[in-house]
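Asker: Here is my input, please return the structure:
(one chain, ligands or ions: 1)
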Amino acid sequence: MEKTWRWFGKKDKITLSMLKQIGVEGIVTALHDVPLGEVWTREKIRDLREYIESYGMRWSVVESLPVVETIKYGGPDRDHQIEVYKQSLRNLSAEGIHCICYNFMPVLDWARTDLSHPNPNGTTNLYFNYAEFAYFDIYILKREGAREEWASFTFPEGYGVGRNVLEEADALAKTMTPEKDHALVENIVIKTQGFVSGNFSEGDEAPIQKFREFLSLYKGIDKAALRANMKYFLEAIMPVCDECDMNMCVHPDDPPIEILGLPRIVRTEEDIRWFLDAVPNKHNGLTFCAGSLSAGAYNNVTALAREFASRTHFVHLRSCHIFPSGDFTEASHLGGRADIVELVRIFEKENPSLPMRVDHGMTMLDDADKGYNAGYSFIGRMFAMGQVQGIIATVDRELGIQYKQPGFFD
Ligand code: DNO
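Answerer: Numbering: from 1, shown residues only. Presented below is the predicted three-dimensional model:
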């Protein structure tokens, strides 16, 4: 697999020369300074591409070229926004970039309630607690219908046995303070969304109000409608993808559950099969995010990899641990529900040059207080990258593929 790394542009505290030292071959990035809904110009793309290449690496994957809300909910200007998207695709391809990671999650990209949950070894990781999320939904967002939905919430079989999330959220409400509320909003909305080129940014003064406005756009949009809008988008852009040899790869929903009354359409085997079959073009593919998929107790991650390897254009390697309570956290890249050794074997057999990045490293040693984006530590991710490089080298030996560690004489 091609060893890539998510880098947040020239302002990232983690520099390309640091990445060169740890065996990174390809960069995964975006034009983070271009406002949502504007064309990515060739000049801007070229400038960043040349900068990356001056360090001896290539710009392997765009993560993300954001799909704006109007395309997702089918707003009046969606055709205009699809034209904007197509032009960005043409410009990227003209600069030699042929792989786009995007998502089709309404309003919120990935979500966690705690960004520094302690591990037994003294490091910290991202964590999702259902009761805290329900509290946010009912008491902070005050979403209509939230209470009723949480009252009938059920965990996948075998998890959260005897748990009543609504009662827990009500109990939590008695202990919360304005400071704790603020911290939860920061975790769910600001710190996790701000850097992914989504709808929210660090400077938002009234994120909850903004959140409510976004949610209101989805009134009446159910799963079938969202699927139809995804199909509409993919069908519209496929001719350009064919012309430009552009691989589109949708990122699974994270976490893979329905939240905030919004439909989620890329979370299970059935979902993935649906969108691949709905637009049966090889350029319509998947970002195989082992982490997001492993947070769904109903997903057998290895079986999904086997089934969808041929339509996978990009891989995120990480793994989640689901507690008996149903809450989940990031596991070690050598543990958890995603068997990364087996995944590397499957993908390496399918296509040894498939781009792969490690995802969501723990915060460890010197990482704290460095101001890294949540989940995107340096030492923690480097540690995971070292583990994954070892796995790739071992699998390559088994498969008779010559493994090359970049940056050395041999
Ligand atoms: C989170 C990321 C996601 C991903 C987008 C792709 O850590 O994996 O934010 O980049 O969903 O559009």
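Asker: Contact partners for G160?
Answerer: By Cβ atoms under 8 Å, 6 or more residues apart in numbering, the contact set of G160 is Y130, T154, P324, S325, G326. Any C-beta I mention is one placed from the backbone N, CA and C, and that applies to glycine too.
Asker: Any idea how many residues pack against the nearest residue to the first one once chain neighbours are set aside?
Answerer: What sits nearest to Y130 in space, not counting adjacent residues and going by Cβ to Cβ, 6 or more residues apart in numbering, is V165, at 5.0 Å. Other residues within reach of V165, judged by other Cβ atoms under 10 Å, total 22.
Asker: if I look at G194, how far off is P118?
Answerer: Distance, G194 to P118, by Cβ to Cβ, to the nearest Å: 24 Å.
Asker: before we move on, what about R90?
Answerer: 47 Å.
Asker: more neighbours, the two?
Answerer: Under the criterion of other Cβ under 10 Å, the comparison of R90 against P118 puts R90 first, with 17 against 11.
Asker: Which of the helices or strands spans that one?
Answerer: Using DSSP states H and E, R90 sits within helix 78-94.
Asker: Quick one: mean pLDDT over that helix.
Answerer: Averaging the model's pLDDT scores along helix 78-94 yields 98.
Asker: How is the protein divided into domains?
Answerer: Domain ranges of the chain: 2-109+220-399, 128-216, per automatic domain parsing.
Asker: Checking M176 next. Helix, strand or coil?
Answerer: Here M176 is recorded as coil under DSSP: H, G, I helix; E, B strand; the rest coil.
Asker: Name the nearest residue to it, sequence neighbours excluded.
Answerer: Y135 (6.9 Å).
Asker: Name the surrounding residues that touch whichever strand or helix holds the one you found.
Answerer: Assigned by DSSP H and E, Y135 falls within helix 130-135. Applying Cβ under 8 Å, 6+ apart, the contact partners of helix 130-135 are 111, 113-114, 146, 150, 153, 155, 160, 163, 165-166, 168-169, 172-173, 176, 184, 188, 259, 325-327.
Asker: what about it, distance to the chain center?
Answerer: Relative to its parent chain, helix 130-135 has a centroid offset of 21 Å by Cα atoms, centre = their mean, to the nearest Å.
Asker: buried set for whichever helix or strand comes after that helix?
Answerer: Sequence-wise, the next helix or strand downstream of helix 130-135 (DSSP H and E) is helix 146-151. The neighbour-count criterion (16 or more other Cβ atoms under 10 Å) identifies A146, R147, E149, W150 as the buried residues of helix 146-151.
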